[in-house]
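Novice: Have a look at this prediction, sequence included:
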Amino acid sequence: MSSPASYHYELGAVVPAGELDAWASLAERQVVVRRASIIAADQQPLAELELAEVSSGPVLLKWKSRVDDPFLTVGTSAQDVSALAQVLQRHMPKDGLVLGWWDTSRQLQLLGGTPVRFGKHLGLPLFVPQRWRSQSADIESIERAFWKAGNAGEERVQFQRFANALLSDEASGMAELQAIAGGKPAVLVLHVRDAILLGQMDSRRLGVAFTDLGALSDVHGMVRRVHDWLDHNRYPAYAMLQDKDSPVRAVALTDAASGKTLAARLLPFMGNDQQDVAGATLVYRVGGFVVYELAPQARP
């Protein structure tokens with residue numbers, strides 16, 4: 001790869017309404033969805049994406065890395081986000097609030113007007129290749145400029161607080177989430193890939209590894225490969241991710257201590273403690289997403 005300061009985004013063609021699939025409702029509202037790409041100075045394509053053009057800045061809808069993944073970010077399934085947005089639109093309490101990763105929150109807000117705690121482009125975390133680490137500030141500048149991520153200082157602070165709650169033990173983490181909700185009825189939206197993002201933010205508290213397995217064809221062979229991978233590395237728990245546009249991915253917790261974090265307790269990691277977390281009631285699952293209603297904050 002070339003130096004980070006020399007990569008750039010290129011906007012491409014508008015996606016025709018007939019090709020929007022899970023984002024079809026945006027065409028009905030005249031929201032423009034456009035293709036884009038990240039290009040290195042030597043013209044090597046680094047990633048392909050689709051974004052919605054809205055007044056608050058582009059909203060990332062689809063992401064595909066063309067180099068070693070993860071690169072800059074990790075996406076989720078458009079079909080799952082669309083299904084989740086429809087459910088929340090029907091069942092969110094009138095004065096409710098969604099707590100979730102900032103990029104998922106922006107998609108849900110765009111699709112269904114869902115009230116979210118984190119609605120700005122925060123760019124956390126960025127997966128920067130090792131050879132680019134010394135120029136991380138340049139990369140962040142490029143990202144902020146393209147995504148029009150202006151003054152989000154206070155929201156970044158609060159989002160760091162949210163991530164810290166997910167990285168804490170379940171009792172203190174739940175108390176912090178309830179405090180962040182500020183007394184409003186709160187719904188927590190998590191995705192298995194959020195564990196990868198949290199691990200990138202603080203690998204000492206949440207150790208995460210993953211492996212891509214290709215297309216889902218030989219199910220029994222894939223199961224054997226996953227268990228061989230787990231046994232070889234002595235990983236205690238895992239979850240599977242499947243998206244029609246991406247290879248099947250196995251995500252593992254690398255040690256028992258990671259399994260005690262609130263995020264790991266709430267996500268469907270097989271081999272980890274499956275007992276309910278006090279204060280969180282599972283109400284919906286789709287793909288890699290889990291949705292919990294949070295009990296209101298206890299009064300002092």
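Specialist: In hand now; what should we look at?

Novice: ranges for the helices of the chain?
Specialist: With DSSP state H as the criterion, the chain has helices at 24-28, 78-91, 102-112, 136-147, 153-167, 170-181, 192-201, 219-233, 262-266.

Novice: Are there helices or strands packed against the first one, and which ones?
Specialist: Spelled out, it's helix 24-28. Helix 24-28 is packed against helix 102-112, with contacts defined by 3 or more CB pairs under 8 Å, 6 or more residues apart in numbering; DSSP states H and E. (Each C-beta comes from the backbone N, C-alpha and C, glycine too.)

Novice: average model confidence for stretch 171-178?
Specialist: With pLDDT averaged residue by residue, stretch 171-178 scores 97.

Novice: which intervals of the stretch 1-150 of the chain have sub-threshold pLDDT?
Specialist: 1-5 (pLDDT under 70).

Novice: one more time with 80, if that's ok
Specialist: Filtered on pLDDT under 80, the stretch 1-150 of the chain yields the residue ranges 1-6, 150.

Novice: burial count for the closest residue in space to residue 41 that isn't next to it in sequence?
Specialist: Nearest residue to residue 41 in three dimensions, chain neighbours excluded: residue 6, at 3.7 Å (CB to CB, 6 or more residues apart in numbering). Neighbour count of residue 6, defined by other CB atoms under 10 Å: 13.

Novice: Can you give me the distance of residue 6 to residue 40?
Specialist: 7 Å (CB to CB, to the nearest Å).

Novice: How about residue 142?
Specialist: Distance of residue 142 to residue 40, computed by CB to CB: 12 Å.

Novice: Name the residues contacting each of the two.
Specialist: residue 7 (CB atoms under 8 Å, 6 or more residues apart in numbering).

Novice: if we can go back for a sec, is the residue nearest to residue 41 in contact with residue 43, as I believe?
Specialist: No - with contact defined as CB atoms under 8 Å, residue 6 and residue 43 do not form a contacting pair (10.9 Å).

Novice: OK, contacts around residue 37?
Specialist: Contacts of residue 37 were listed using CB under 8 Å, 6+ apart, and they are 9-10, 12, 45-49.

Novice: how near is it to residue 88?
Specialist: 31 Å.

Novice: sorry, back to before: Serialize the contacts of residue 37 to a markdown table and add fields for neighbour count and distance to residue 188.
Specialist: A markdown table is the format used below for those (neighbours: other CB atoms under 10 Å; distance: CB to CB, whole Å):
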| residue | neighbour count | distance to residue 188 |
| --- | --- | --- |
| 9 | 19 | 32 |
| 10 | 10 | 36 |
| 12 | 13 | 35 |
| 45 | 14 | 36 |
| 46 | 19 | 33 |
| 47 | 20 | 29 |
| 48 | 15 | 31 |
| 49 | 21 | 27 |
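
Novice: of those, closest to residue 252?
Specialist: residue 47 (24.8 Å; CB to CB).

Novice: Now do the contacts for the closest one.
Specialist: 37-38, 63-67, 71-72.

Novice: mind running it again at 7 Å?
Specialist: Residue 47 sits next to 37-38, 63-66, 71-72 when contact means CB atoms under 7 Å, 6 or more residues apart in numbering.

Novice: For ChimeraX, write the select line for the buried members of those residues.
Specialist: Here is the ChimeraX selection string for the buried members of those, based on 16 or more other CB atoms under 10 Å:
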select :37,38,63,65,71,72
